[in-house]
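In: have a look; sequence and predicted model below, questions after that.
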Amino acid sequence: MTETAALRDAFRRDKAALLESLASGPVPARTLQRTLRQLSGLVDGVLVQLWQQAGLGDELCLAAVGGFGRAELFPYSDVDVLVLLPDGQSPDNTPGLQAQLEAFIGSCWDCGLEIGSSVRTVSECVAEAAADITVQTSLLEARRITGHEGLFRRFRKRYAQALDPLAFLQGKLLEMRQRHTKFEDTPYALEPNCKESPGGLRDLQIIMWVARAAGLGQSWDDLARKGLATSLEVRQIKRNEALLSLIRVRLHLQARRREDRLVFDLQTGVAESFGYMADISSDGRIAVRASEKLMRQYYWAAKAVTQLNQILLLNIEDRLKSDRGETLGSFRPLNERFFEKAGLIEVASDDLYEKHPHAILETFLLYQATPGVTGLSARTLRALFNVRAIMNGRFRADPVNRQTFLKILQQPYGITHAMRLMNQTSVLGRYLWVFRRIVGQMQHDLFHAYTVDQHILMV
């Protein structure tokens, strides 16, 4: 048996043993993260041996980038690496280097690593990052695996000097909006992508990317210490991140390949790996499928992630602009409970909705009826997020709330935007039964008018 074959067999055996603990049943968040880090460390060890076998010494540097760079490797994810060269050196002008690199990459594939590689000098890395935000993001999380430490430090220093945190945030926001549009701007797709869809893992990763670029922290707890997230939000994020990550792990294991979509063919298998079973009615029919229970959990998590993503990114943007001395806009009173700030509705106090629950729906009526208002501020979004439990049956039955909701529906303009915003902030679901009843009556009236018109035309 060759040295590479022995290394491959040992890697496969050790990887299978690690993933066995994640294959079924409940898995604590700490166990999940520890196992993903251990898998990343296992791959590190293989890469170091293959680097040495290829004769690539200490003059160059091998770095992990992307998800592998943050030591978070899913079962069938790509292993993205950067071969870092000193400025002025290239495979073309260095005898034997091209052959060594080809041997290294080939042996990675022979060992079963889904390798994605790039070979760049320090200057090339900085130039590529400036031209392509995807490259810039990938390099943000770079970590050294083996090779020249000083070379890697020079790369990190020059990369950091060239990085503009506010421009990076704005670029990532644009990228996120484009990605959300690709997935129809909803976390409720029938076959959602647990990584890329709105409310997926990518929406959490972008928060940490912009926070790290701005020097605001490298963990959720760091954001809480900086005052950018509350302890409640951090707990919510950690719980939902763990659920989405475990779903992704089990998707990979079910498909036996990299698969991040909860496609119909895999939903039942993934659901059963969580312990969900179908509910059978008294007449022997399936009342609730196991996959429905899983998807309900997924949608709850994705909705919370969508809201938290918006709150934290707005907070980070405000912090960056404030640190630069940029004005955040003047406050314009709308009434005694709300202000308008830079086109966003701002609550007068953090506990407004707790003290005055009627103000919840008033927010959306103001949004709809006030010219120049484009959305809700981070403070308002956070206040709404914290009072979701208030919007119960008693809240819906309140005559004042019902009247306000009807006023929203009766506004001549902006009902689509208002409904979308209410849905994004978990308010519309509380009134969905009212909305359906009203829309049902509207559909009946429209159908009646249509049939009358058709009858007149026929006559």
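Out: Yes, it's here.

In: which stretches of the stretch 251-400 of the chain have low pLDDT?
Out: Counting by pLDDT under 70, the stretch 251-400 of the chain shows low-confidence ranges at 327-329.

In: quick one, strands of it?
Out: Taking DSSP state E, counting those that start in this stretch as the criterion, the stretch 251-400 of the chain carries its strands at 279-280, 286-288, 331-333, 338-341, 344-347, 375-376.

In: sec struct for R158, please.
Out: On the three-state scheme (DSSP: H, G, I helix; E, B strand; the rest coil), R158 is labelled helix.

In: wait, doesn't it sit right on E124?
Out: No. Counting by Cβ atoms under 8 Å, R158 does not reach E124; the two are 11.0 Å apart. All C-beta spots, glycine's among them, are computed from the backbone N, C-alpha and C.

In: picking that back up, can you redo the strands of the stretch 251-400 of the chain as a markdown table with mean neighbour count and distance to F11?
Out: Output for the strands of the stretch 251-400 of the chain, formatted as a markdown table (neighbours: other Cβ atoms under 10 Å; distance: least, Cβ to Cβ, whole Å):
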| stretch | mean neighbour count | distance to F11 |
| --- | --- | --- |
| strand 279-280 | 12 | 42 |
| strand 286-288 | 12 | 41 |
| strand 331-333 | 12 | 59 |
| strand 338-341 | 19 | 55 |
| strand 344-347 | 21 | 51 |
| strand 375-376 | 20 | 49 |
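
In: can you lay out the ones you listed as CSV showing distance to G325?
Out: Listed next are these as CSV, based on distance: least, Cβ to Cβ, whole Å:
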stretch, distance to G325
strand 279-280, 59
strand 286-288, 56
strand 331-333, 18
strand 338-341, 17
strand 344-347, 20
strand 375-376, 24
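
In: between those, which gets nearest to F183?
Out: Minimum separation from F183 across the strands of the stretch 251-400 of the chain (Cβ to Cβ) falls at strand 375-376, 20.4 Å.

In: that closest one packs against which elements?
Out: Contacts defined by 3 or more Cβ pairs under 8 Å, 6 or more residues apart in numbering; DSSP states H and E place strand 375-376 against strand 344-347, helix 359-369.

In: redo the ones you listed as TSV? Include distance to T134.
Out: Formatted as TSV, those follow (distance: least, Cβ to Cβ, whole Å):
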stretch	distance to T134
strand 344-347	29
helix 359-369	34
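
In: G112 is nearest to which of the ones you listed?
Out: G112 lies closest to strand 344-347 among these, at 50.3 Å (Cβ to Cβ).

In: now do the closest one: which elements does it pack against?
Out: Partner elements for strand 344-347 (3+ Cβ pairs under 8 Å, 6+ apart): strand 338-341, helix 359-369, strand 375-376, helix 378-386.

In: closest to A304 out of the ones you listed?
Out: Among those, helix 378-386 comes nearest to A304, with 8.3 Å by Cβ to Cβ.

In: rewinding a little: nearest to G96, out of the strands of the stretch 251-400 of the chain?
Out: Of all the strands of the stretch 251-400 of the chain, strand 375-376 sits nearest to G96, with 58.1 Å by Cβ to Cβ.

In: what's in contact with the closest one?
Out: Under the contact criterion Cβ atoms under 8 Å, 6 or more residues apart in numbering, strand 375-376 has outside partners 343-345, 363, 367, 384, 421, 425.

In: circling back to that earlier point, so which of the strands of the stretch 251-400 of the chain gets nearest S138?
Out: strand 375-376 (30.4 Å).

In: direction included, what does the closest one pair up with?
Out: Strand 375-376 pairs in its sheet with strand 344-347 (parallel), by DSSP bridges.

In: alpha carbons of the partner strand, as PDB, please.
Out: The C-alpha trace of strand 344-347 is given here as PDB (Å, rounded to 0.1, in the frame of the first residue of the first chain):
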ATOM      1  CA  LEU A 344     -36.700  54.900   9.200                       C
ATOM      2  CA  ILE A 345     -39.300  54.800  11.900                       C
ATOM      3  CA  GLU A 346     -37.800  54.900  15.300                       C
ATOM      4  CA  VAL A 347     -39.600  54.100  18.600                       C
END
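
In: for T146, which of the strands of the stretch 251-400 of the chain is the nearest?
Out: Of all the strands of the stretch 251-400 of the chain, strand 375-376 comes closest under Cβ to Cβ, at 47.4 Å.

In: next one: that closest one to chain centre, how far?
Out: Centroid separation between strand 375-376 and its chain, computed with Cα atoms, centre = their mean, to the nearest Å, is 21 Å.

In: S24 contacts A271, correct?
Out: No. Using Cβ under 8 Å, S24 is not in contact with A271, being 11.5 Å away.

In: between the two, tell me which one has more neighbours.
Out: It is A271, of S24 and A271, that has more neighbours when counted by other Cβ atoms under 10 Å, with 24 against 13.

In: the more buried one against R296, yeah?
Out: No. If you go by Cβ under 8 Å, A271 and R296 don't touch, sitting 10.2 Å apart.

In: isn't E272 right next to A278, touching?
Out: No. Applying Cβ under 8 Å, one finds E272 not in contact with A278, separated by 9.3 Å.

In: can you pull the residues that touch both of these two?
Out: Counting by Cβ under 8 Å, 6+ apart, the residues touching both E272 and A278 are A290.

In: what ranges do the strands span in the stretch 51-200 of the chain?
Out: For the stretch 51-200 of the chain, the strands defined by DSSP E, counting those that start in this stretch cover 61-64, 79-85, 115-121, 143-147.
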